[in-house]
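Student: Sequence below, structure please.
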Amino acid sequence: MTSATMEKAVTMEREENQWTHTRWMMYQLLSDFIIYRPSVHLVMKWRGKLQRLEWESEAFDQFKTIISEPDTASLAAFCRNETSEYDRLVGQRQAGIPLRESFYAGCEAELAAMRVSAEYDRAGVILNKTSGEKDDELSMELEFMAVLSERLTEQGVRSQGECEQLTRIQWGFVKRHLLTWVPAFCGELRKHTESPLYLSLCTLMEELIASDYAWLSDRISK
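Tutor: Below you'll find the predicted structure:
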């Protein structure tokens, strides 16, 4: 193996490890901003985390800029305004924009929840429901991907077979669920807000899911 080939292999491995960590953090970020109001604590937590992540993505850079721009004097007001927008958009479950896969997939709510729950069970994942969320809610599906993404970062303690199984589970879940309805949810959200934070969140979500599906597809084809 030539030095150039070795250098290329090392670079590819570094990029692979970087994306494995970044995707985990991104799924967790998206889940957090769907579950919780954008409090000062939440914004500050993710400001710090995003500074340590690398992703060549315009959507990523834009979101990082939006939550990093408010200074100490204006951060509280920024969070109050975005909290009001959160409450208007999705905070009121019955009156806000639907957060469930069943709404966008056009299927019966209980059936959709049962199908997603079966995926959680097969993967051995028990999710923490903070406010009585349904299994096919966006925050739960994103949290599921965050849990499995974190497991995939543990490649040093997992066998190759375990890693391949984790990859296939995530690939199938993104294909059967997130790709089928999240774009429609984002389109609905865009119709009802002019908030830079939530418009950026939509773009970030769409880009993550598309990029991650391509990455997972590439891994299972090798």
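
Student: where does the protein dip in pLDDT?
Tutor: 1-13, 93-94, 155-157, 222 (pLDDT under 70).

Student: Let me see the contact set for the most centrally placed residue in it.
Tutor: Compute the mean C-alpha point of the chain, and by C-alpha atoms, centre = their mean the closest residue is Tyr27, 2.6 Å away. Contacts of Tyr27 were listed using C-beta atoms under 8 Å, 6 or more residues apart in numbering, and they are 142-143, 145-146, 149, 208. For the C-beta atoms, the positions are set from N, CA and C on the backbone; glycine is no exception.

Student: make it 7 Å
Tutor: Contacts of Tyr27 were listed using C-beta atoms under 7 Å, 6 or more residues apart in numbering, and they are 142, 145-146, 149.

Student: out of those residues, which are inside helices?
Tutor: Using DSSP state H, the members of the contacts of Tyr27 that fall within helices are 142, 145-146, 149.

Student: what ranges do the helices span in the protein?
Tutor: In chain order, the chain shows helices spanning 3-35, 40-51, 58-68, 72-86, 101-105, 109-123, 138-152, 160-173, 179-191, 196-221, with DSSP H as the criterion.

Student: Buried deepest among these, which one?
Tutor: Ranked by mean neighbour count under mean count of other C-beta atoms under 10 Å, these are led by helix 138-152, which reaches a mean of 22.

Student: Show me what that one is packed against.
Tutor: Applying 3 or more C-beta pairs under 7 Å, 6 or more residues apart in numbering; DSSP states H and E, one finds that helix 138-152 makes contact with helix 3-35, helix 109-123, helix 160-173.

Student: Is it possible to get JSON lines of the ones you listed that adds distance to Arg52?
Tutor: Formatted as JSON lines, the entries for the helices and strands packed on helix 138-152 read as follows, by distance: least, C-beta to C-beta, whole Å:
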{"stretch": "helix 3-35", "distance to Arg52": "9"}
{"stretch": "helix 109-123", "distance to Arg52": "28"}
{"stretch": "helix 160-173", "distance to Arg52": "23"}
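
Student: Could you say which one of those comes nearest to Cys202?
Tutor: Nearest to Cys202, of all the helices and strands packed on helix 138-152, is helix 3-35, at 10.0 Å by C-beta to C-beta.

Student: before we move on, the earlier item: which one of the helices of the chain lies closest to Gln92?
Tutor: With C-beta to C-beta, the closest approach to Gln92 among the helices of the chain belongs to helix 72-86: 10.1 Å.

Student: Which neighbouring elements make contact with the closest one?
Tutor: Counting by 3+ C-beta pairs under 7 Å, 6+ apart, the packing neighbours recorded for helix 72-86 are helix 40-51.

Student: residues touching the closest residue to Pro38 other than its chain neighbours, list them.
Tutor: Distance criterion C-beta to C-beta, 6 or more residues apart in numbering; nearest residue to Pro38, sequence neighbours excluded, is Glu82 at 4.4 Å. For Glu82, the contacting residues are 38, 195, 197, taking C-beta under 7 Å, 6+ apart as the criterion.

Student: My understanding was that the first one contacts Cys79; is that so?
Tutor: Yes: shown here, Pro38 and Cys79 form a contact pair, counting by C-beta atoms under 7 Å, at 5.6 Å.

Student: ok, back up a step: excluding chain neighbours, what is closest to the residue nearest to the centre of the chain?
Tutor: Looking at Tyr27 with C-beta to C-beta, 6+ apart, the closest residue is Ala146, at 3.9 Å.
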